[in-house]
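Enquirer: Quick one: sequence plus predicted model below, questions after.
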Amino acid sequence: MPPALPTRNIGIIAHIDAGKTTVSERFLYYSHKEHQMGEVDSGTATMDWMPEEQRRGITITAAATTFEWNGHRINLIDTPGHVDFTAEVERSLRVLDGAIGVFCGTAGVQAQSETVWRQADRYGVPRLAFVNKLDRVGSDFFRVVDVIRARLRANPVPIQIPIGREKSFEGVVDLVTMRSVRFDPETLGEKVIYGEIESELGQVAAEWKARLVEAACESDDALLERYLAEGDAPVPMLKAAIRRGTLQRKMTPVLCGAALRNKGIQPLLDGVCDYLPAPEDLGTITGTHPVTGKACERPLRGDAPLLALAFKTVTGPHGDLVYVRIYSGRLAEGQQVWSSRTDRKDRAQKLYSMHANHREKVPFGEAGAIVAVVGFKETSTGDTVADPSHRLLLEPPRFPETVVSVAIEPVSTADREKLLQSLEKLVREDPTLRWRADKETGQLVVSGMGELHLEIVKERLLREFKVDAAVGSPRVAYRQTIARRAEAAGTFEKQIGDRRLYAKVLLGLEPAPELAGRQVVSELKKGTVPPELHAVIQDAVKEALEGGGILGFPLIQLRARVLGAEFRPQESNAAAYQAASALAFEKALEAAEASILEPVMRFEIQVPDTYYGAVNTDLQRRRAAIAEVDLVDDLRILRGLVPLGEVFGYPNTLRSLSQGRGSISLEPHAYLPVPEDVQERFKM
């Protein structure tokens, strides 16, 4: 068997419409993975394979593929740019070693650019930056670099500068090798033409080369000594220094191009191989021992015990397809593994290498690989997969709370069971999708990250699952939290026929602002109640927290502690403990001073300066807090926070205020207390 190729596990991250999928399609074409260049606008993009993606021209789900370039195997994940699908970016970055941040040459750093950059920071992912669309009117490479530095608090270091601008954009100057790079339009850019730097660009290129060398020297003492002694920076030493600085996240190399015009892609692929990390560059990965809770390190080698993380689940008619990143060891077809969430053994029946929605069967996957597994029964998104004899827990991806809800009902009662089964499958796939049955109305309430998110869910129910359902209008997904600690006991005592039922539960609630959601902890001592009833009590408390008491809004940012319980043989059963837990919760919630929270969104509005006054006045009326206003040419850019409930349908209002020339981007910021006058409306 030939030796394995060096591997790069990378993702492409950006704001919507920055050109991520177009870049991915060029990667596939120039690497000869695909023999036809897919286009987003025509619905022929390989990576946007879902019908909803093709129809809308946006990426909805993260798609994975594998191709080869310059003797390297590149595992690529193309992620969505729309904020409603931010969970796809979150779970992808959790398992990737490197990323390419794509920025529009005209818009620069946009709202979702900041979000995905923060996500990459959270997981310590080294990045390249690619300034795209430099052929567009108003594009400015150097301005975008400055904005990346200011807005993202990054250290962007150009390793290329553009030749020409806007319509006259021709190619790039490679500052590492100091040569011009152009792309032959007759071969759709496949033929790369290298040449001397034109005289009019010579001085500018020399200035930026000096800045590049200075930045690289900060990460490499050998290069610094050579540069001070002899005044030059040999290409191999300079590349090694750039790579070291990138891996240490001290610098972000910046490249440029125009993907739609087939310019700048091959040097970007070279940059992936030259500067982004291989799996072994990470050295070790740290996990938690499932019994002792102590931090343990595992070397990222093929001869170490198996350790992997399941980061994505796709349901299908023949079982779930679970995407797994293998950190150490080897996962083979038919292999038995340990799954963390259920603490049970599972079996990988078949393994596949994925190319969007196409599968290629493989016998095994080794350390550094990303594979899809069929056959797992106990494993889904966020679970650690490990050798049963060498168990270790990895940190799962973290997902935000939902912000928008809709009521959904089957058209006929016969479809209800089918709808429930379909929702369960969608929830398994999507960690930011929730559903519950409203106790008062009997309606099914589905919650997600935004209006578009829930619209896609509806379309998939109709197309994929053949469920005909009526969907209500979107509404804000309010939440509750508590102001102080409280304890209460709930006692259920009732005579039913000739049988007496009894149960008592002592429950404590305490604020936990560090939690995005809620946590239920059992502190029942051994022997208090039979072991099988511990889970019954915890599940009843979880259900009560989700139900939200009198106001009906789920509770978050709190911890519930099951402190005690009483058991009477012949009288205590599961139903009695469920009722007692609910009673204890209601009393504790009343004493804990519950308050209502609303989802507050971070917004970015771009509008011609002429309409700034009207838009600003309208935002103030909507309880918006404007934190920043920039003027770029004749375009006003407003940034700040606004309650989601105040901006439902706002894109239409903005278009009306600006004669169709304004745009808005929204992303979840936090759940914050609603003002007192608004709170009173809910309590009336």
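Expert: Arrived safely.

Enquirer: Could you tell me which ranges of this protein sit under the pLDDT cut-off?
Expert: Under the criterion pLDDT under 70, the flagged ranges of the chain are 1-3, 38-60, 81, 317-318, 439-442, 682-684.

Enquirer: looking at it, which residue lies furthest from center?
Expert: Farthest-out residue of the chain from its mean C-alpha position, per CA atoms, centre = their mean: Asp498, at 55.4 Å.

Enquirer: Run the chain-centre distance for the helix or strand hosting Ala216.
Expert: Assigned by DSSP states H and E, Ala216 belongs to helix 199-217. The gap between the average C-alpha position of helix 199-217 and the chain average comes to 36 Å, counting by CA atoms, centre = their mean, to the nearest Å.

Enquirer: Quick check: which helices or strands does that helix pack against?
Expert: Judged by 3 or more CB pairs under 8 Å, 6 or more residues apart in numbering; DSSP states H and E, the packing partners of helix 199-217 are strand 156-158, strand 160-163, helix 221-230, helix 235-247. For the C-beta atoms, the positions are set from N, CA and C on the backbone; glycine is no exception.

Enquirer: Can you tell me what sits against that helix?
Expert: 155, 157-159, 161, 163, 173, 175-176, 178, 180, 197, 223-224, 227, 233, 238, 241-242, 245, 251 (CB atoms under 8 Å, 6 or more residues apart in numbering).

Enquirer: Pull out the buried residues from those.
Expert: 157-159, 161, 163, 173, 175-176, 180, 197, 223-224, 227, 233, 238, 241-242, 245, 251 (16 or more other CB atoms under 10 Å).

Enquirer: Excluding sequence neighbours, find me the nearest residue to Ser412.
Expert: Leaving aside its sequence neighbours, Ser412 sits nearest to Asp468 (CB to CB, 6 or more residues apart in numbering; 7.7 Å).

Enquirer: Is it correct that the one you found is in contact with Leu462?
Expert: Yes. With contact defined as CB atoms under 8 Å, Asp468 counts as touching Leu462 (6.8 Å).

Enquirer: Tell me which stretches of the stretch 551-684 of the chain form strands.
Expert: 558-566, 594-608, 625-632, 635-643, 663-673 (DSSP state E, counting those that start in this stretch).

Enquirer: what's the spacing between the one residue sitting closest to the centre of the chain and Asp281?
Expert: Geometric centre of the chain, nearest residue: Glu90, 2.2 Å, by CA atoms, centre = their mean. Distance, Glu90 to Asp281, using CB to CB, to the nearest Å: 23 Å.

Enquirer: now Val213
Expert: To Asp281, Val213 is 23 Å away according to CB to CB.

Enquirer: the more surrounded of these two?
Expert: Set Val213 next to Asp281 and count neighbours by other CB atoms under 10 Å: Val213 wins out with 21 against 13.

Enquirer: what sits against the closest residue to Glu166 other than its chain neighbours?
Expert: Nearest residue to Glu166, sequence neighbours excluded (CB to CB, 6+ apart): Val137, at 5.4 Å. With contact taken as CB under 8 Å, 6+ apart, Val137 is in contact with 106, 166-167.

Enquirer: do the same with Ser380
Expert: By CB under 8 Å, 6+ apart, the neighbours of Ser380 are 310, 313, 320, 322, 341, 428.

Enquirer: Just the CA trace of stretch 629-645, in CSV.
Expert: Taking Å, rounded to 0.1, in the frame of the first residue of the first chain, the C-alpha atoms of stretch 629-645 are listed here in CSV:
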residue,chain,number,x,y,z
VAL,A,629,-22.0,54.2,12.6
ASP,A,630,-19.5,54.2,9.7
LEU,A,631,-19.5,56.1,6.4
VAL,A,632,-17.9,54.3,3.5
ASP,A,633,-18.1,56.4,0.4
ASP,A,634,-21.8,57.3,0.3
LEU,A,635,-22.9,54.2,2.3
ARG,A,636,-23.9,54.3,6.0
ILE,A,637,-23.2,51.2,8.0
LEU,A,638,-25.0,51.0,11.3
ARG,A,639,-24.2,48.3,13.9
GLY,A,640,-25.8,47.6,17.2
LEU,A,641,-28.4,45.5,19.1
VAL,A,642,-32.1,45.2,18.7
PRO,A,643,-34.8,42.9,20.2
LEU,A,644,-35.8,40.3,17.7
GLY,A,645,-39.5,40.9,18.3
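
Enquirer: So which bits of that stretch are buried?
Expert: Residues 632, 635-645 are the ones in stretch 629-645 that count as buried (16+ other CB under 10 Å).

Enquirer: What about Ala483, how many residues nearby?
Expert: 11.

Enquirer: I'd assumed Pro511 was in contact with it.
Expert: Yes. Counting by CB under 8 Å, Ala483 touches Pro511, with 6.9 Å between them.

Enquirer: Please enumerate the shared neighbours of the two.
Expert: With CB under 8 Å, 6+ apart as the test, Ala483 and Pro511 reach no residue in common.

Enquirer: Confirm that Leu255 sits in a strand.
Expert: Yes. Applying DSSP: H, G, I helix; E, B strand; the rest coil, one finds Leu255 inside a strand.

Enquirer: isn't it right up against Gly271?
Expert: Yes. With contact defined as CB under 8 Å, Leu255 reaches Gly271; the gap is 5.7 Å.

Enquirer: Now list whatever residues contact both of the two.
Expert: Common neighbours of Leu255 and Gly271 (CB under 8 Å, 6+ apart) are 128, 159.

Enquirer: re earlier: for the residue nearest to Glu166, which three-state class applies?
Expert: Per three-state DSSP, Val137 ends up coil.

Enquirer: SS state for Leu309?
Expert: strand.

Enquirer: likewise Leu331?
Expert: strand.

Enquirer: what's the spacing between it and Leu128?
Expert: Using CB to CB, one obtains 29 Å as the distance from Leu331 to Leu128.

Enquirer: and the contacts of Val137, which are buried?
Expert: Among the contacts of Val137, those that count as buried by neighbour count (16+ other CB under 10 Å) are Thr106.

Enquirer: From the contacts of Val137, pick the one nearest Glu680.
Expert: Minimum distance to Glu680 across the contacts of Val137 is 45.9 Å, recorded for Thr106 (CB to CB).

Enquirer: Next up, the contacts around that closest one.
Expert: 133, 136-140.

Enquirer: 10 Å instead?
Expert: Thr106 makes contact with 132-134, 136-140, 143-144, 166, 632-633, 635, according to CB atoms under 10 Å, 6 or more residues apart in numbering.

Enquirer: and if you look at Tyr650?
Expert: Counted by CB under 10 Å, 6+ apart, Tyr650 has contacts 601, 603, 605, 618-619, 622, 642, 644, 657, 664, 666.

Enquirer: May I ask you to confirm that Pro400 is in contact with Val89?
Expert: No. With contacts counted by CB atoms under 10 Å, Pro400 stays clear of Val89, the gap being 11.2 Å.

Enquirer: which residues are in contact with both of those two?
Expert: Val83.

Enquirer: Comparing the two, which residue is more hemmed in?
Expert: Val89 (27 against 20).

Enquirer: My guess is that one contacts Gly101. True?
Expert: No. Taking CB under 10 Å as the definition, Val89 is not a contact partner of Gly101, at 11.3 Å.

Enquirer: overlap in contacts of the two?
Expert: With CB under 10 Å, 6+ apart as the test, Val89 and Gly101 both reach 11-14, 116, 120.

Enquirer: Neighbour count and secondary structure for the residues you listed - can I get that in TSV?
Expert: Putting those into TSV (neighbours: other CB atoms under 10 Å; DSSP: H, G, I helix; E, B strand; the rest coil) gives the following:
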residue	neighbour count	secondary structure
Gly11	27	strand
Ile12	28	strand
Ile13	29	strand
Ala14	29	strand
Val116	29	helix
Ala120	22	helix
